[in-house]
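Student: Have a look at this prediction, sequence included:
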4 protein chains.
Amino acid sequence: MRVSAKPPSHDIEFRVRYAESDQMGVVYHANYLVWCEMGRTELIRAVTGRSYADLEGQGIGLAVSELTIRYHGAARYDNLVRVRTTMTEVRSRGVSFEYEISNAETGERLATARTTLVSLDEAGKLVVMPPDVRRLLGDASR
Amino acid sequence: MRVSAKPPSHDIEFRVRYAESDQMGVVYHANYLVWCEMGRTELIRAVTGRSYADLEGQGIGLAVSELTIRYHGAARYDNLVRVRTTMTEVRSRGVSFEYEISNAETGERLATARTTLVSLDEAGKLVVMPPDVRRLLGDASR
Amino acid sequence: MRVSAKPPSHDIEFRVRYAESDQMGVVYHANYLVWCEMGRTELIRAVTGRSYADLEGQGIGLAVSELTIRYHGAARYDNLVRVRTTMTEVRSRGVSFEYEISNAETGERLATARTTLVSLDEAGKLVVMPPDVRRLLGDASR
Amino acid sequence: MRVSAKPPSHDIEFRVRYAESDQMGVVYHANYLVWCEMGRTELIRAVTGRSYADLEGQGIGLAVSELTIRYHGAARYDNLVRVRTTMTEVRSRGVSFEYEISNAETGERLATARTTLVSLDEAGKLVVMPPDVRRLLGDASR
């Protein structure tokens, strides 16, 4: 992984699904949050070499505790969309991410978002992340 | 038992959500299957006096193994929709349902569907339904 | 006008759908935003006597331009959920809402959210809301 | 023409999204139908050199009129899934497709499906497909 003063970031690209459109002819706003999560999944895989599915298998879950999103433009069916995900903070009990969602063909900025995730055990209680998970994420953001 | 003279049936009504529309201006076709499931949930509650959530808490899950749906019309945002669910068969390892989806205000028939569900344990293996669950469902369809 | 002494608010209640759960056993976080929209739809119907579908038929759309949500608890399949929607501001080119999402049976607070919506014409351009729409909404919040 | 000796088929692969899982720990069954549609979109692009979005822009829509799906296994979060879509029939007023959905890493067959789509104009009326569209699709299946 990259060593940075610069927090780790990762891009994914995919096409908008018909199911994601609404009767306004654009992507329904809540679907952008699903895309943010796809971005997190791939960033975690890229920077830790492990899948989030594996982490969850260890009994640790990261749940979104807060999110903010601003919409600047509209994605449409079949557009090629890019999500750039940046891990902005690793804490003992959570991680924060920022997202820039754009049209990969035109470069138009569509949305920007931030999420805070907290570490929960299987009973849904806030817990400190396992040291190895924290180290994996933390090393990545150093 | 198989099909009774008068299989149990149950109606639910609800309004179409904006999120369920697509850019054709009608409800995206896969969403009708979510509605069928809402119909099953309420039919099971109505005929057994227990929630499907409770049954699942007992370690038994009913998974859709086959479904067929025909679309006759189109539901639109804010339409009041009715789903009539009928339990057509209770077997040792599963249950079958039929659905009639209509516009509750105009009576227009929108879709008809059938689903076969099988009983799975927590490992996803096909199992015989617990006798009390089978009795609850079976008594209802007598 | 801005905020009135007592901004209009409206409650809806509904059961969580199976489709809304995720493998953590709770409602997938993006689905709360669909619920917020259901709350808006019913608040608009309650305070203006007209449906949002009608307003949209007039060629005016309200698109979410910004949203923030904080998760305090978790909704689960079959829970009865209440969404209290409050219209906090009516502007010439938009409307703002706040939401409190809770478990209607236990009273547990699950999430709080705010959304800003802007008025767009059919080409997606920011426009002033038609005077009658603005009056309908504005009168309601007085 | 009807079915050719070797009907055109096309594969897509993608990872299962967290949002697509349900509390049984597997992909919610209705989501497979969204995947079928992604398969259709890419098959149409591959065989006609044009996007379905373009066809729709010409005022012609293909709406699912009937679908059948059988579930043989379960997809899980982060699995790499393959959808093989085959165009089995081109008619004057519609097209039929078959789908085989499998786990791309293990080869396990997850589901098989068939859909019939009909050609609708913007008012939702059944119409003959434009000759050039029919030719594009029909040539592909010869």
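Tutor: Nice, I can see it.
Student: only C-alpha atoms for contact and neighbour calcs from this point on.
Tutor: Noted.
Student: immediately after the helix ranked longest in chain A, which helix or strand?
Tutor: Counting residues, the longest helix found in chain A (DSSP state H) is helix A:31-48. Heading C-terminal from helix A:31-48, the first helix or strand you meet, by DSSP states H and E, is helix A:52-57.
Student: Burial check on the residue in chain A that chain B sits nearest to, number of neighbours?
Tutor: With CA to the nearest CA as the measure, residue A:22 is the residue of chain A nearest to chain B, at 3.9 Å. For residue A:22, the neighbour count with other CA atoms under 10 Å in any protein chain shown is 25.
Student: what residues are up against the nearest residue to residue A:62 once chain neighbours are set aside?
Tutor: Closest residue to residue A:62 apart from its sequence neighbours, by CA to CA, 6 or more residues apart in numbering or on different chains: residue A:119 at 4.7 Å. Shown in contact with residue A:119 (CA atoms under 8 Å, 6 or more residues apart in numbering or on different chains): A:60-63, A:93-94, A:126-129.
Student: where's residue A:119 relative to chain D, distance?
Tutor: 17 Å (CA to the nearest CA, to the nearest Å).
Student: Let me know the secondary structure of that residue.
Tutor: Following DSSP: H, G, I helix; E, B strand; the rest coil, residue A:119 is assigned to strand.
Student: that older thread, mind checking if the longest helix of chain A is in reach of chain B?
Tutor: No - applying CA under 8 Å from any CA of the partner chain, one finds helix A:31-48 separated from chain B by no less than 9.3 Å.
Student: how far does that helix sit from the chain's center?
Tutor: In terms of CA atoms, centre = their mean, to the nearest Å, the centre of helix A:31-48 is set 4 Å apart from its chain centre.
Student: who are the neighbours of it, in terms of helices and strands?
Tutor: Applying 3 or more CA pairs under 8 Å, 6 or more residues apart in numbering or on different chains; DSSP states H and E, one finds that helix A:31-48 contacts strand A:9-15, helix A:52-57, strand A:80-91, strand A:94-103, helix A:131-141.
Student: how about the closest residue to residue A:27 other than its chain neighbours, what does it touch?
Tutor: Leaving out its chain neighbours, the residue that sits closest to residue A:27 by CA to CA, 6+ apart is residue A:21, at 4.2 Å. Listed by CA under 8 Å, 6+ apart, the contact partners of residue A:21 are A:27-28, A:76-77, B:21-23.
Student: still on that earlier bit, quick check: the two most widely separated of the contacts of residue A:119?
Tutor: Among the contacts of residue A:119, the pair separated by the greatest distance (CA to CA) is A:63 and A:128, at 13.1 Å.
Student: how much does the helix or strand bottoming out on mean pLDDT in chain A deviate in direction from strand A:94-103?
Tutor: Within chain A, no helix or strand scores below helix A:131-141, which has a mean of 80 by mean pLDDT, DSSP states H and E. For helix A:131-141 against strand A:94-103, the angle by axes from the mean of the first three to the mean of the last three CA atoms, to 10 degrees is 50 degrees.
Student: quick revisit: do I have it right that the residue of chain A closest to chain B meets residue B:17?
Tutor: No - the pair residue A:22 / residue B:17 is not scored as a contact, 10.4 Å apart, by CA atoms under 8 Å.
Student: Excluding chain neighbours, what is closest to the residue nearest in space to the middle of chain A?
Tutor: Chain A has residue A:40 as the residue nearest its centroid, 2.8 Å off, counting by CA atoms, centre = their mean. Of all residues not flanking residue A:40 in the chain, residue A:85 sits nearest, at 6.5 Å (CA to CA, 6+ apart).
Student: Ok, residue A:71 next?
Tutor: Per CA to CA, 6+ apart, closest to residue A:71 is residue A:111, 4.4 Å.
Student: neighbours around the residue nearest to residue A:40, how many?
Tutor: The burial count for residue A:85: 27, using other CA under 10 Å.
Student: Now for it: which residues touch it?
Tutor: Residues near residue A:85 by CA under 8 Å, 6+ apart: A:9-11, A:36, A:39-40, A:43, A:97-100.
Student: That one bridge partners, please.
Tutor: For residue A:85, the beta-bridge partners are residue A:10, residue A:99 (DSSP bridges).
Student: pLDDT added to the contacts of residue A:85, as a markdown table?
Tutor: Formatted as a markdown table, those follow (pLDDT from 0 to 100):
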| residue | pLDDT |
| --- | --- |
| A:9 | 96 |
| A:10 | 97 |
| A:11 | 98 |
| A:36 | 98 |
| A:39 | 98 |
| A:40 | 97 |
| A:43 | 96 |
| A:97 | 97 |
| A:98 | 98 |
| A:99 | 98 |
| A:100 | 98 |
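Student: Narrow these to just the buried residues.
Tutor: Neighbour counting with 16 or more other CA atoms under 10 Å in any protein chain shown marks A:9-11, A:36, A:39-40, A:43, A:97-100 as buried within the contacts of residue A:85.
Student: So which of those residues is the closest to chain C?
Tutor: Ranked by distance to chain C (CA to the nearest CA), those are led by residue A:36 at 10.3 Å.
Student: thought the closest one was touching residue A:102?
Tutor: No - if you go by CA under 8 Å, residue A:36 and residue A:102 don't touch, sitting 11.8 Å apart.
Student: sorry, back to before: please list the members of the contacts of residue A:119 that lie in strands.
Tutor: A:61-63, A:94 (DSSP state E).
Student: Could you identify which of the residues you listed has the most neighbours?
Tutor: residue A:61 (24 neighbours).
Student: what residues does chain A put near chain B?
Tutor: Neighbours of chain B within chain A, by CA under 8 Å from any CA: A:18-26, A:28.
Student: Could I get those in JSON lines, plus columns for pLDDT and secondary structure?
Tutor: Output for the residues of chain A next to chain B, formatted as JSON lines (pLDDT from 0 to 100; DSSP: H, G, I helix; E, B strand; the rest coil):
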{"residue": "A:18", "pLDDT": "97", "secondary structure": "helix"}
{"residue": "A:19", "pLDDT": "98", "secondary structure": "helix"}
{"residue": "A:20", "pLDDT": "98", "secondary structure": "helix"}
{"residue": "A:21", "pLDDT": "97", "secondary structure": "strand"}
{"residue": "A:22", "pLDDT": "96", "secondary structure": "coil"}
{"residue": "A:23", "pLDDT": "94", "secondary structure": "coil"}
{"residue": "A:24", "pLDDT": "93", "secondary structure": "coil"}
{"residue": "A:25", "pLDDT": "93", "secondary structure": "coil"}
{"residue": "A:26", "pLDDT": "96", "secondary structure": "coil"}
{"residue": "A:28", "pLDDT": "98", "secondary structure": "coil"}
